[in-house]
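1. Provided below are the primary sequence and the corresponding predicted coordinates.
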Amino acid sequence: MRVLSRFSLLLALALAACAPPPAAPPTPSSTAPAAVSPTAPPAEEAAATVSIPEPPAGEVRLWHVFSGEAKSALEEIAAAFNAGNTYGIIILTESRANTFQLGQDMNAALTEGNWPGLVAAYPYQLAAWQAAGLVAPIQHFVWDPQFGLTEEERALVVNRLWDPLNNPADNLGVPALRGVHALFYNAAWARELGFAAPPATLEDFRRQACAAAAANGDGTGGWLLTPDGSALFAWLRAFGAPGETDSGYAFDTFETQAAAAFLRTLLEDSCAWRPASRYPDAEFAARQGLFYSASTTGIPALAEAMQVAGNADDWTLIPYPCAGEGCAPVVTVHGPALAILDAPLEAQSAAWAFIRYFLQPDVQAEWIRRTGALPLGQAADPSPGAAPQWLAAADLAWQVGVPEPARPSWGVVLGALADAARALFDPALSQAALRGVLPQLQATADEIDAAGGR
């Protein structure tokens, strides 16, 4: 695998670096349903003409943006690999402050011709780098007959949520810290309001939100609005909008207009309200909202807020409800992936040796326990003390999870979606202005996508 021209790589890195840092990676999960065992392709097809050599001894740098417990866990996993592998490979972990800094440092490294062998980055960044040939296809390593995963190992981790042979986006790397964007739901309060089960349809959602608002009678209750790009994208998917096509984004369609009208009506009917705080954990804990949209990253913070408030209500994560006949509820799946960067094939083989170690069930179990990441597949059982919300999140990811886009422009388009959400939830916005929100979002997304995320 050759090293491409520095100009083309520099361009791709610049595009990836322009995206603002996304929300922090995921949290909690559960016992995943049985993995969908992949159909093993013929060895010659899977290896795709690449024969992976034996890894050589030497150092491999791994750049990432993990912090706190995730950073410590990764360092300890790397140290255990360094001490135990028989090849003499040493993984050097190097953290960056955020995804923007990672991209900037990658630019500088490219100028110097000295980028790392491994990186943990979001798929939209990897897609930008892949366009210039910087990312090595992971499928060559996964199905290599000598150094790849065995059929039993593939059955544990290759599934509909990660299928590097059949899904181009999944061929960028191995999911490292996966989570979902879902609705947090106060099940105890809902039962007091007369609802025995979470909402399965839009009408169910409306009834429960409006009942909670009526019970409070002070403008609070119902759905806690947060102008979050990932939340709006998840709502659009729940309404059947594709969100992304082969050629770009689809934000101005019949389905997206229906989603916008539904959410706006909730606000106008006082069944939803927008708190001042970006993360309304305290409001949720005070029963000022029955639902709010968030990433599984927020599970620990909300658990703490409930404890501080002295609120013993049981709460959980639920999908965005189905919008019509024949549709399905949705949560969106997101998070960084471990990818191998362009280098001589021997060096790539050394980087793969670490990823293969990272995928071992005992390593995955420790990683999940320490970080709250959702399981990649059946590669690890949840810890005995796993939070029920974490278990619910993992089940949702497996049952109704859909990935966020992996287009190079996605990091910037998320900001445009957040702007559109702010407009939709602005009570002062006229009906004429509201009708222009989604066409403007489409035009903005098209412009960003044409520029590759700049």
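-> Great, that's in hand.
2. and Arg422, what element?
-> Per DSSP states H and E: Arg422 is located in helix 410-424.
3. ok, residues contacting that helix?
-> Applying C-beta atoms under 8 Å, 6 or more residues apart in numbering, the contact partners of helix 410-424 are 16, 18-20, 22, 99, 122-125, 127, 226-233, 249, 251, 260, 263-264, 404-405, 407, 429, 433-434, 437-438, 440-441, 444-445, 448-449, 453-454. Glycine gets a C-beta too; all of them are placed from N, C-alpha and C.
4. go again using 6 Å as the cut-off
-> 19-20, 124, 227, 229, 232-233, 260, 264, 429, 437, 441, 444-445, 448, 453 (C-beta atoms under 6 Å, 6 or more residues apart in numbering).
5. of those, just the buried ones, ChimeraX syntax please.
-> Entered in ChimeraX, the line below selects the buried ones among the contacts of helix 410-424, by 16 or more other C-beta atoms under 10 Å:
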select :19,124,227,229,232,233,260,264,437,441,444,445,448,453
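6. go through the contacts of helix 410-424 and flag which are in helices.
-> 124, 229, 232-233, 260, 264, 437, 441, 444-445, 448 (DSSP state H).
7. would you mark the buried spots in the helix holding Arg422?
-> With burial defined by 16+ other C-beta under 10 Å, the residues of helix 410-424 counted as buried are 410-414, 416-424.
8. mind checking pLDDT for Ala285?
-> pLDDT for Ala285: 98.
9. from Asp252, how far out is it?
-> Distance of Ala285 to Asp252, given as C-beta to C-beta, to the nearest Å: 37 Å.
10. look at these two and report which has more neighbours.
-> Ala285 (22 against 18; other C-beta atoms under 10 Å).
11. quick one: contacts for the more buried one?
-> 305-306, 309, 311 are the contacts of Ala285 under C-beta under 6 Å, 6+ apart.
12. report the two of those separated the most.
-> Ala305 and Asn311 (8.3 Å; C-beta to C-beta).
13. between these two, who's got more neighbours?
-> Ala305 (19 against 16).
14. just to be sure, that one is in a strand?
-> No. Under the criterion used here (DSSP: H, G, I helix; E, B strand; the rest coil), Ala305 is helix, not part of a strand.
15. residue ranges of the strands in the stretch 351-454 of the chain, please?
-> 401-403 (DSSP state E, counting those that start in this stretch).
16. quick check: Ala238 vs Pro375, distance?
-> From Ala238 to Pro375 the distance is 24 Å (C-beta to C-beta).
17. right, I mislabeled it, should have said Gln104
-> 32 Å.
18. so among the contacts of helix 410-424, where is pLDDT lowest?
-> Pro20 (40).
19. poorly predicted segments of the protein, please.
-> Scanning the chain with the threshold set as pLDDT under 70 gives 1-49, 378-384, 453-454.
20. can you give me the strands in it?
-> All strands of the chain, identified by DSSP state E, fall at 58-64, 89-95, 118-121, 174-175, 179-186, 223-224, 243-244, 249-250, 272-273, 291-295, 315-318, 331-334, 337-340, 401-403.
21. between those strands, which one is nearest to Phe354?
-> Across these, closest to Phe354 is strand 89-95 (C-beta to C-beta), at 5.1 Å.
22. isn't Pro116 up against Glu59?
-> No. Using C-beta atoms under 6 Å, Pro116 is not in contact with Glu59; the gap is 10.1 Å.
23. more neighbours, these two?
-> Pro116 (20 against 13).
24. so which residues of the stretch 251-400 of the chain form helices?
-> With helices called from DSSP state H, counting those that start in this stretch, the stretch 251-400 of the chain shows them at 254-268, 281-285, 299-308, 345-358, 361-371, 388-400.
25. would you map out the domains in this structure?
-> Per automatic domain parsing, the domain ranges recorded for the chain read 6-178+335-389, 181-332+409-450.
26. can you list the ones you listed in TSV and add distance to Leu396?
-> Below are the domains of the chain laid out as TSV (distance: least, C-beta to C-beta, whole Å):
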stretch	distance to Leu396
domain 6-178+335-389	9
domain 181-332+409-450	5
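27. from Ser230, how far out is the most centrally placed residue in the chain?
-> Among the residues of the chain, His334 comes closest to the average C-alpha position under C-alpha atoms, centre = their mean, at 0.7 Å. Look at His334 and Ser230: by C-beta to C-beta, they are 7 Å apart.
28. can you tell me how far Ala339 is from Thr296?
-> When Ala339 is compared with Thr296 (using C-beta to C-beta), they lie 22 Å apart.
29. those two: who's more crowded?
-> Using other C-beta under 10 Å, the more surrounded residue of Ala339 and Thr296 is Thr296, with 32 against 26.
30. I'd say the more buried one and Gly179 touch.
-> Yes. Look at Thr296 against Gly179 with C-beta under 6 Å: they come within range, at 4.1 Å.
31. pick out the most distant pair among the buried residues of helix 410-424.
-> Largest separation among the buried residues of helix 410-424 by C-beta to C-beta: Gly411 and Leu424, giving 21.3 Å.
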